[in-house]
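Peer 1: Predicted structure and sequence below. I'll ask about it afterward.
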Amino acid sequence: MSRQPAKPVRKEKAPPEVPSIITDPERNIQYDKGVFLGKGGFAHCYELKNRTTKEIVAGKVVPKQLLVKQYQRDKMAQEVQIHRNLSHPNVVKLLNFFEDRLNVYITLELCARRSLMELHKRRKALTEPEARYFTNQIVEGVLYLHELNIIHRDLKLGNLFLNDELQVKIGDFGLATTVESGERKRTLCGTPNYIAPEVLNKQGHSFEVDIWAIGCILYILLFGQPPFESKSLEETYSRIKNNMYSIPNTSSPSAVSLIRKLLDPTPVNRPNARQVHRDHFFKTGFMPSRLPISCLTMVPKFGRETTTAENLAPEGTSEGQQRSLQGRSGLQPILHHRVTDNADRERAQQMASEATFREPEDAYLSQLYGQMTNLLNKRMPDLAEEEAALDDYQSPECLPIFWISKWVDYSDKYGIGYQLCDNSVGVLFNDNSRIMLDQAGNELTYIEKTNKEHYYTMSQVLPNALTKKVTLLKYFRSYMNDHLVKAGEGAGQRAGDDLARLPTLRVWFRTKSAIVLHLSNGTVQINFFTDHIKMMICPLMQSVTFIDQQKRMLTYKFSNLTTNGCPQKFLHRLSYAKSMIERLMNDTSSVKGTSITTANAPQGRSASASSRHLLQNGQMHGSASVSNMGRNNC
Ligand SMILES: Nc1ncnc2c1ncn2[C@@H]1O[C@H](COP(=O)(O)OP(=O)(O)OP(=O)(O)O)[C@@H](O)[C@H]1O
């Protein structure tokens, strides 16, 4: 592959010069600059740690050189003016703002789980209970704003942030405005993403533009794409003006009815925020009280037990085996998910069971292979390693939610055990069945080689057929805890964990130089043995993360590698990854149809054994990859 000589990369805007210790002079607070969170049109955002209280907040940094024009300063002042007085669980809290010689700083409540935009990229269409959960919180935030006579005017997935509890937080008040009663706004600086027809038609607009945007958001959450999307902007605008959209017939009547009301072409016909909040859609059906982190990348599991207030045991378990969620010593009482009455409950159960998980046939391998081929066919300018490590080249929002932090190869007898970065553990057995135990050590998933899933809790009596595999799982778990870097006790179970479906290891093999692991959510991970560099490639975010020798996590979008350049060292690995993906594709097809059924099948019978480097004499070989990745990275 021909390489262009290193040349300075053209950047749209110079990154801000940010001191490593930032001082809020007025309040005499010092912050340590932490990890880079991302950049927008104006701002670069970092984790900031209060040096006294140790609290971590998000710090938006805007270089003063970007605020030279009066209108830029006015816009920022207006944004802060509106945002600073707001206080609601579904609105990002603006904590403080201050400046130093170089920059203006705004400190905000930290939303460590990014935004609904990244969720959408990873998941596309969500289940209806998830769409209900997120939209309900958006509506609660909007209701609060509208009651204060504030229109947000730019509600979009990227402005709906998520904290560690996966609570929605409305942010970015750059286009927000206040309205007097009956006033209709005539001008709007900037183009809102989900622009309402009355804005396009310049008829004057008000609160109803936010309601329209909620309609677009609910549509995207349910169906995975915007209602008026087309190939060109003109066509999209024409569809908006003519109210041309269709609703897939997979949706429930209450979802269809609400979308139609929200996307009414005539603003006065749309419900106001209070009416939306009271809508049938939110009052019926399954409303999770909390969603697990895994739903950022995997469809949740809605077993029978999770859809009822009583948390009934899964089918096939007896009364005595039912799990009691109350009164478990040492555990927080778990909030019940909301289901209204018996009829609704039945419907919710039916809907939930219909939402059974279908893992894509090859878990995105061919898609990823195509992306890698495309990327490597392009000329990527050379880039010095240290330059590539600068914040401005990074896309930290694309960092995978899960990766394998430890693994133990015991495939000469049983299989491979691994720990995910959230401390959950799994085993891929030689017979291609999989088992997974969550970080709290409570929720157990068993996946047959046919991909059929079974859910249990560790407190219930498990089927005899599983005893041996669960024993092995525990064995792997304690081995990884004892012999590899100390993992610490898993956190206690939290509400919503019963809905978690964790990604599992699907296929793996070892070469002389690396172990190659493919997770069911599409992530391909390659750990290189010699220099301990690791790479995680995600087809859904179209990005690659390298964990370098200094244990830095460097995440690049494929598109940025082509425009900004790629260090030689990473380029070699990308080429290597492409051939490994090809091999995974071949392995995956050979795994299909294998007739191996026992847990400890002889080595030669495993369909994928040919590509595994099997250790002899029952030896375990393991690796703890990256012991300290920091909170943001998990
Ligand atoms: N409260 C927060 N917590 C965590 N990350 C945040 C927070 N606010 C912003 N970010 C991150 O910082 C990035 C830049 O923020 P934002 O998009 O608000 O900047 P901006 O320049 O105002 O954007 P825009 O161009 O959309 O107006 C976002 O992509 C997001 O990843």
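Peer 2: Structure's in. What do you need? Residues are numbered from 1 along each chain as shown.
Peer 1: Mean confidence (pLDDT) on the lengthiest helix in the chain, please.
Peer 2: Longest helix in the chain by number of residues, with DSSP state H as the criterion: helix 568-591. Averaging pLDDT along helix 568-591 gives 87.
Peer 1: Check the offset of it from the chain's centre.
Peer 2: Here helix 568-591 is found 24 Å from its chain centre; the criterion is C-alpha atoms, centre = their mean, to the nearest Å.
Peer 1: ok, residue 384 to the ligand distance?
Peer 2: 25 Å (C-beta to the nearest ligand atom, to the nearest Å). In this view, the C-beta of every residue, glycine as well, is placed from N, C-alpha and C.
Peer 1: about what we covered before: okay, buried residues for the longest helix of the chain please.
Peer 2: Buried residues in helix 568-591, counted by 16 or more other C-beta atoms under 10 Å: 570-571, 573-574, 576-578, 580-581, 584-585, 587-588, 590-591.
Peer 1: Close to the ligand: what parts of the stretch 101-250 of the chain are there?
Peer 2: Contacts of the stretch 101-250 of the chain with the ligand, taken as C-beta under 6 Å from any ligand atom, map to 108, 109, 110, 111, 114, 161, 171, 172, 174.
Peer 1: mind showing which ranges of the stretch 101-250 of the chain have poor pLDDT?
Peer 2: Scanning the stretch 101-250 of the chain for pLDDT under 70 picks out 189-190.
Peer 1: in the chain, what residue is nearest the ligand?
Peer 2: Closest contact between the chain and the ligand, by C-beta to the nearest ligand atom, is at residue 40 (2.2 Å).
Peer 1: Please read off the pLDDT at that residue from the model.
Peer 2: Reading off the confidence values, residue 40 has pLDDT 86.
Peer 1: tell me the secondary structure for the closest residue to it other than its chain neighbours?
Peer 2: Nearest non-adjacent residue to residue 40, counting by C-beta to C-beta, 6 or more residues apart in numbering: residue 172, 7.7 Å away. Under DSSP: H, G, I helix; E, B strand; the rest coil, residue 172 falls in the coil class.
Peer 1: roughly how far out does stretch 133-140 sit from the chain middle?
Peer 2: Worked out by C-alpha atoms, centre = their mean, stretch 133-140 lies 18 Å from the chain centre.
Peer 1: make that stretch 35-52, sorry
Peer 2: Per C-alpha atoms, centre = their mean, the centroid offset for stretch 35-52 relative to its chain is 19 Å.
Peer 1: Now it: buried residues?
Peer 2: 35-39, 42-50.
Peer 1: contacts for that stretch?
Peer 2: The list of residues contacting stretch 35-52 from outside it, by C-beta atoms under 8 Å, 6 or more residues apart in numbering, reads 15-16, 18, 21-22, 29-34, 55-62, 66, 76, 106-107, 110, 114, 172, 391-392, 394-397, 630, 632-633.
Peer 1: who in the chain is up against the ligand?
Peer 2: 37-43, 45, 58, 92, 108-111, 114, 161, 171-172, 174, 397.
Peer 1: so of those residues, which ones are in helices?
Peer 2: Among the residues of the chain next to the ligand, no member lies in helices (by DSSP H).
Peer 1: Please name the nearest non-neighbouring residue to residue 104.
Peer 2: Computed as C-beta to C-beta, 6+ apart, the closest residue to residue 104 that is not its neighbour in sequence is residue 62, at 4.7 Å.
Peer 1: Can you say which of the residues of the stretch 101-250 of the chain next to the ligand are buried?
Peer 2: For those, buried by 16+ other C-beta under 10 Å: 108, 110, 111, 114, 161, 171, 172, 174.
Peer 1: Next one, pLDDT for the nearest residue to the first one once chain neighbours are set aside please.
Peer 2: What it means is residue 108. Ranked by C-beta to C-beta, 6+ apart and with sequence neighbours excluded, the top spatial neighbour of residue 108 is residue 58, at 4.5 Å. pLDDT, residue 58: 98.
Peer 1: Next: residue 524.
Peer 2: Per-residue pLDDT puts residue 524 at 97.
Peer 1: what number of residues lie near it?
Peer 2: 25 (other C-beta atoms under 10 Å).
Peer 1: And it, how far from residue 63?
Peer 2: Going from residue 524 to residue 63 by C-beta to C-beta, to the nearest Å gives 37 Å.
Peer 1: And for residue 170?
Peer 2: Following C-beta to C-beta, the distance that separates residue 170 from residue 63 is 26 Å.
Peer 1: now residue 191
Peer 2: Taking C-beta to C-beta, one finds residue 191 at 24 Å from residue 63.
Peer 1: ditto for residue 407
Peer 2: Using C-beta to C-beta, one obtains 43 Å as the distance from residue 407 to residue 63.
Peer 1: who touches the nearest residue to residue 94 once chain neighbours are set aside in this structure?
Peer 2: Leaving aside its sequence neighbours, residue 94 sits nearest to residue 83 (C-beta to C-beta, 6+ apart; 4.4 Å). Neighbour list for residue 83: 92, 94, 173, 176 [criterion: C-beta under 8 Å, 6+ apart].
Peer 1: For residue 83, give me the backbone phi and psi.
Peer 2: Note on residue 83: its backbone torsions stand at phi -70, psi -40 [degrees, to the nearest 10].
Peer 1: List the ones among the buried residues of stretch 35-52 that fall in strands.
Peer 2: With strands taken from DSSP state E, the overlap with the buried residues of stretch 35-52 comprises 35, 36, 37, 38, 39, 44, 45, 46, 47, 48, 49, 50.
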